[in-house]
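Curious how this folds, go ahead:
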Amino acid sequence: MNASKPVSARTLKSDFKRVDAHEVQTSEYEELPELTDAMLKRGTVKRARRPIATNPRRQVTIRLPESVLAAWKATGPGWQTRMAELLSKHVS
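Numbering: from 1, shown residues only. Below is the predicted model of the structure:
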C-alpha cells in the first residue's frame, strides 16, 4: 500500500449482525433450483489477472546521490516511469 495515498473509507453498507443472526429455514432450501450437470458444464472459472507485459519490469537496486533522487521525486507522481523512459532512450 502506498503511504502517500489517502485511505478511502469504503463500507459495504451491510448489516452483518442481522445476516449472521439469520438461521436458514427448510423452506428457504425449497426455493432453490436443483443443480444439474448441465448447469455445472455451463460454468466457467475466470481469474482476474493483469495482461502479460510485452516488456516486463524487473526490480533492481541502484545507488543514486540524494540530490538526484530528490530532484526526480520533486517532479511528482510517475517519476520512476519517467526515469525509466529517459534511461531507455539512452540504450536504444
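
Next, count neighbours for residue 66.
Other residues within reach of residue 66, judged by other Cβ atoms under 10 Å, total 7. C-betas here are computed from N, CA, C, even on glycine.

quick one: pLDDT of it?
Per-residue pLDDT puts residue 66 at 96.

Give me the next element, helix or strand, following the helix or strand of the chain at the bottom of the mean pLDDT ranking.
Taking mean pLDDT, DSSP states H and E as the measure, the helix or strand of the chain with the lowest value is helix 26-30, at a mean of 83. Note on helix 26-30: by DSSP states H and E, the next helix or strand toward the C-terminus is helix 37-42.

mind listing the strands for this protein?
In the chain, no strands are found when defined by DSSP state E.

so what's residue 83 up against?
residue 72 (Cβ atoms under 8 Å, 6 or more residues apart in numbering).

Local confidence estimate at it?
In this model, residue 83 carries a pLDDT of 94.

In terms of secondary structure, what does the least confident helix or strand of the chain contact?
In this structure, helix 26-30 packs against no helix or strand, with contacts taken as 3 or more Cβ pairs under 8 Å, 6 or more residues apart in numbering; DSSP states H and E.

CA atoms only: put that helix into CSV for me.
The C-alpha coordinates for helix 26-30 follow below in CSV (Å, rounded to 0.1, in the frame of the first residue of the first chain):
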residue,chain,number,x,y,z
THR,A,26,-36.0,-25.6,5.4
SER,A,27,-38.5,-23.6,3.3
GLU,A,28,-35.6,-21.5,2.0
TYR,A,29,-33.9,-24.5,0.5
GLU,A,30,-37.1,-25.4,-1.3
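
Low-confidence stretches in this structure?
For the chain, the stretches with pLDDT under 70 are 1-10, 92.

biggest helix in it by residues?
Longest helix in the chain, counting residues (DSSP state H): helix 79-91.

Return that helix as PDB; C-alpha atoms alone will do.
Taking Å, rounded to 0.1, in the frame of the first residue of the first chain, the C-alpha atoms of helix 79-91 are listed here in PDB:
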ATOM      1  CA  TRP A  79       8.800   9.900 -11.600                       C
ATOM      2  CA  GLN A  80      10.100   6.300 -11.700                       C
ATOM      3  CA  THR A  81       8.400   5.700 -15.100                       C
ATOM      4  CA  ARG A  82       9.800   9.000 -16.500                       C
ATOM      5  CA  MET A  83      13.300   8.000 -15.300                       C
ATOM      6  CA  ALA A  84      12.900   4.600 -16.900                       C
ATOM      7  CA  GLU A  85      11.800   6.200 -20.200                       C
ATOM      8  CA  LEU A  86      14.800   8.500 -20.200                       C
ATOM      9  CA  LEU A  87      17.200   5.700 -19.400                       C
ATOM     10  CA  SER A  88      15.700   3.500 -22.200                       C
ATOM     11  CA  LYS A  89      16.300   6.300 -24.700                       C
ATOM     12  CA  HIS A  90      20.000   6.200 -24.000                       C
ATOM     13  CA  VAL A  91      20.400   2.500 -24.500                       C
END
